[in-house]
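> based on what follows, work out the 3D shape:
(2 chains)
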Amino acid sequence: MKIRFWGVRGSFPVSSPNVSRYGGNTPCVEVETGQGVIVIDAGTGIRGFGKSLLERSGKHFDLLLSHAHWDHIQGFPHCELLYRDDVTVTVHGLHHPRRTLASILEGQQQEPFHPVPLHELGASIDFVEHEDGDTFEIAGARVTCRRLNHPGVAGGFRIEYGDRAFAYICDTDLNGEHLLATDLPGVDEPGADPAAWLRRLRQSACDLGHSADLAVCDTFFLPEEYDPDWGHSRVDDFLGLAAEVGFGTMCLFHHRPSRSDDELEDIVADCRRRAGRDIQVLAAQEGLQVDL
Amino acid sequence: MLRHSSSKGCRLHIKLWGTRGTIPTPTPQTTRYGGNTPCVAVHAADGELIILDAGIGLHWLGEELLSNGFADGGHAHILLSHMHWGHIQGLPFFQPMLVRDCHIHLHGCGDGSPLMDVLHRQMEHTYCPVPDFFVDGVGARLTATDIGAAPIQVGVTTITARRVNHAPGVTTFGFRLDSCGQSLAYIPDVEYLEPGHRQPALALAEGVDLLIHDAHHTSAEYDGRRGGGHCSDAAAVELARMAGVGKIILFHHHPDHDDDVIDSVVRDHANSDVDVEAASEQAEYILESR
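Numbering: from 1, shown residues only, chains lettered A, B, ... in the order given. Presented below is the predicted three-dimensional model:
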């Protein structure tokens, strides 16, 4: 598996010389298996991915959407590949009980917000909705999706190919005490126990990341910046998880908009000192490729 | 830059916070001209703040405002040229929207729907986890006005809006600001497919000190992209010449144009009889009476 980072920034795209080394595009990560191409999230980074796949003469990819917050879908209408009628795309997302995946992407680019509606894109686009815990096969890889604790319906993925495992655990408040995820089965019924759901969602993150060779982690906050209502984790939360479930490499991701390159380098250095000696630490950087 | 030190009372201060068209382009190759989507701040002589468009640049303007005491009763008018994402996507990240003592007045057109309803779709929780400041009692005091035929008066500044030709399905405006003898026109998204399309732009830009104008395509690219709703640098400069403007700022840079491409576009107009510059993020212009 080859992992390529096209967008690593959280919340909104940041265009500033202070972030030009790590990058300002919102999330988009490519996983190339040798049997196909999987893309996780469609932040503004997907523009660069689309141009690259065109150069490689690629005609199909599977897009996994962790959730539908703007920063994870805003690049979709701007991916050139989708304007070509010889391209096919399968979009995968977690089932939302009140909205279809197609209607979510349709809503983003309908009049008056974008000149070209979803159904007028040239590419043939299929939508597949998955339940929490589903496992499916794409690009020769086994993909598992699980709900995580983030406002609305959001989740993460584990991709296994050959004897390698890659985890994408973003966006989530790993150790948060507020249940931010909505539309969980039974959660609104009398007697429902939010704390039990919090434990269950944390276990999902553990399962996704268990012994992963590379785990992309939501490290939006430093401990002193933490806000329990945002649905993001602290760097320390994932240092703990890395030791608990045994990541090969912990990859800091979804960098806060105000996080400068220099600050991020200091955070990586600090994590390297504190992580166990079996755990590598790196910060996701636009253009970075990791071969597993 | 037009400057005169003796008459500070009549100045119009303009700062570019977002210059990029369509989608933010956060790359090292675009740092000089900027990657943030459109947002221009205009401070009038009487202290009023008028913001033209709410692209991602609006976030960074908000940070500067809050660091200068805006949270203590600050107020601003935001004029939206149209509803394409690149021109409204900064609203949820404009921190003053979440500050109770601020007052933000929005001007725009919802094309048959109330402006607030259209913008409210931006805050729908499927897409946006930010507290819903369109609900009464959350964050700043928010008011909205649909742009009509009558000029908008903000203190000493008169704002004229005219519909221009852009894309189907969305009403698009250009604006002219006249303030104590200084004048600015802002026409970020426009295409002149027939002579009649120039009329509203000429009316807005006639004799202005500064014109900020769509130059999305290079002249070489334009033929292949005709009908896409944007014009070339050549069409922009031609409009400026016809309108007799003091200076034109080429704006709404194409996301594929890096700094070097924009440099070469500006060089093409070095011998023009019109003063031509390309919009560069953080650039400031001060218009003062002579």
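> elements contacting the one helix or strand A:D126 maps to?
Secondary-structure assignment from DSSP states H and E places A:D126 in strand A:124-130. Packed against strand A:124-130 by the contact rule (3 or more C-beta pairs under 8 Å, 6 or more residues apart in numbering or on different chains; DSSP states H and E) you find strand A:88-94, helix A:101-108. Just so you know, the C-beta spots here come from the backbone N, C-alpha and C atoms, and that holds for glycine as well.
> spell out the residue ranges of the helices in the chain.
I went with chain A, as the question did not name one. Along chain A, counting by DSSP state H, helices occupy A:46-55, A:70-73, A:101-108, A:194-209, A:235-245, A:261-274.
> wrong one, I was asking about chain B
B:57-67, B:115-120, B:198-205, B:219-225, B:233-243, B:259-267.
> would you turn these into TSV with mean neighbour count and distance to chain A?
As requested, the helices of chain B are arranged in TSV below (neighbours: other C-beta atoms under 10 Å in any protein chain shown; distance: least, C-beta to the nearest C-beta, whole Å):
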stretch	mean neighbour count	distance to chain A
helix B:57-67	21	7
helix B:115-120	17	7
helix B:198-205	20	19
helix B:219-225	13	12
helix B:233-243	21	19
helix B:259-267	16	12
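> kindly reformat these as TSV containing mean pLDDT.
Output for the helices of chain B, formatted as TSV (pLDDT from 0 to 100):
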stretch	mean pLDDT
helix B:57-67	98
helix B:115-120	94
helix B:198-205	98
helix B:219-225	95
helix B:233-243	98
helix B:259-267	98
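> do you know which of those lies nearest A:E30?
helix B:259-267 (26.3 Å; C-beta to C-beta).
> how distant is that closest one from the center of its chain?
21 Å (C-alpha atoms, centre = their mean, to the nearest Å).
> cool, stretch B:77-85 as well?
So, by C-alpha atoms, centre = their mean, the centroid of stretch B:77-85 is 8 Å from its chain's centroid.
> re earlier: tell me which of the helices of chain A sits nearest to A:L292.
helix A:194-209 (14.3 Å).
> who does A:R4 bridge with?
A:R4 has these beta-bridge partners by DSSP bridges: A:E30, A:Q289.
> that one contacts A:Q289, correct?
Yes. The pair A:R4 / A:Q289 is scored as a contact, 4.9 Å apart, by C-beta atoms under 8 Å.
> who has more neighbours, those two?
Using other C-beta atoms under 10 Å in any protein chain shown as the criterion, A:R4 and A:Q289 rank with A:R4 on top: 20 against 10.
> can you map out the strands along the stretch 151-290 of chain B?
Taking DSSP state E, counting those that start in this stretch, the strands of the stretch 151-290 of chain B run over residues B:152-154, B:157-163, B:173-179, B:182-187, B:210-214, B:247-251, B:275-278, B:284-287.
> do you know which of the helices and strands packed on strand A:124-130 lies nearest chain B?
Closest of the helices and strands packed on strand A:124-130 to chain B is helix A:101-108, at 6.0 Å (criterion: C-beta to the nearest C-beta).
> return the list of helices and strands in contact with that closest one.
Partner elements for helix A:101-108 (3+ C-beta pairs under 8 Å, 6+ apart): helix A:70-73, strand A:88-94, strand A:124-130.
> distance of A:P97 relative to A:G162?
35 Å (C-beta to C-beta, to the nearest Å).
> give me whichever of the helices and strands packed on strand A:124-130 is most buried.
When you average the neighbours per residue for each of the helices and strands packed on strand A:124-130 (mean count of other C-beta atoms under 10 Å in any protein chain shown), strand A:88-94 leads with a mean of 20.
> how much distance is there from that strand to the middle of the chain?
On C-alpha atoms, centre = their mean, the centre of strand A:88-94 falls 14 Å from the chain's centre.
> pLDDT of that strand, averaged?
Across strand A:88-94, pLDDT averages out at 98.
> endpoint to endpoint, stretch B:86-97 covers what distance?
18 Å (C-alpha to C-alpha, to the nearest Å).
> could you report the neighbour count for B:L193?
Neighbour tally, B:L193, other C-beta under 10 Å: 11.
> and the spatially closest residue to it that is not a sequence neighbour, what does it touch?
Among residues not flanking B:L193 along the chain, B:N165 sits closest, at 6.5 Å (C-beta to C-beta, 6 or more residues apart in numbering or on different chains). B:N165 makes contact with B:172, B:190-193, B:197, B:229, according to C-beta atoms under 8 Å, 6 or more residues apart in numbering or on different chains.
> need the helices and strands packed on strand A:124-130 in TSV with distance to A:D227, can you?
Output for those, formatted as TSV (distance: least, C-beta to C-beta, whole Å):
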stretch	distance to A:D227
strand A:88-94	24
helix A:101-108	25
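> pick the most buried one from the helices of chain A.
helix A:70-73 (a mean of 25).
> other residues contacting that helix?
Counting by C-beta under 8 Å, 6+ apart, A:9-13, A:26-27, A:41-43, A:65-66, A:104-105, A:108, A:171, B:89, B:92, B:127-128 sit against helix A:70-73.
> can you give the distance from that helix to the centre of its chain?
For helix A:70-73, the distance to the chain centre is 10 Å (C-alpha atoms, centre = their mean).
> near chain B, which residues of the stretch 1-150 of chain A show up?
A:9, A:11-17, A:19-20, A:23-25, A:44, A:47, A:68-70, A:73-75, A:77-78, A:96, A:99, A:104, A:107-108, A:111-115 (C-beta under 8 Å from any C-beta of the partner chain).
> and B:G110, how many neighbours?
17.
> residues contacting it?
If you count contacts by C-beta under 8 Å, 6+ apart, then B:G110 has A:112, B:83, B:116-118, B:146 around it.
> correct me, but B:T160 touches B:R176?
Yes. Contact criterion C-beta under 8 Å: B:T160 and B:R176 qualify, at 4.5 Å.
> which of the two has more residues huddled nearby?
Neighbour comparison, B:T160 and B:R176: the larger count goes to B:R176, with 22 against 18 (by other C-beta under 10 Å).
> got a list of what that one touches?
Contacts of B:R176 (C-beta under 8 Å, 6+ apart): B:159-160, B:162, B:183-186, B:203-205, B:208.
> try it again at 6 Å.
B:160, B:185, B:204 (C-beta atoms under 6 Å, 6 or more residues apart in numbering or on different chains).
> how close does the first one sit to B:I147?
It stands for B:T160. 10 Å.
> what does the last one give?
For B:L204, the distance to B:I147 (C-beta to C-beta) stands at 13 Å.
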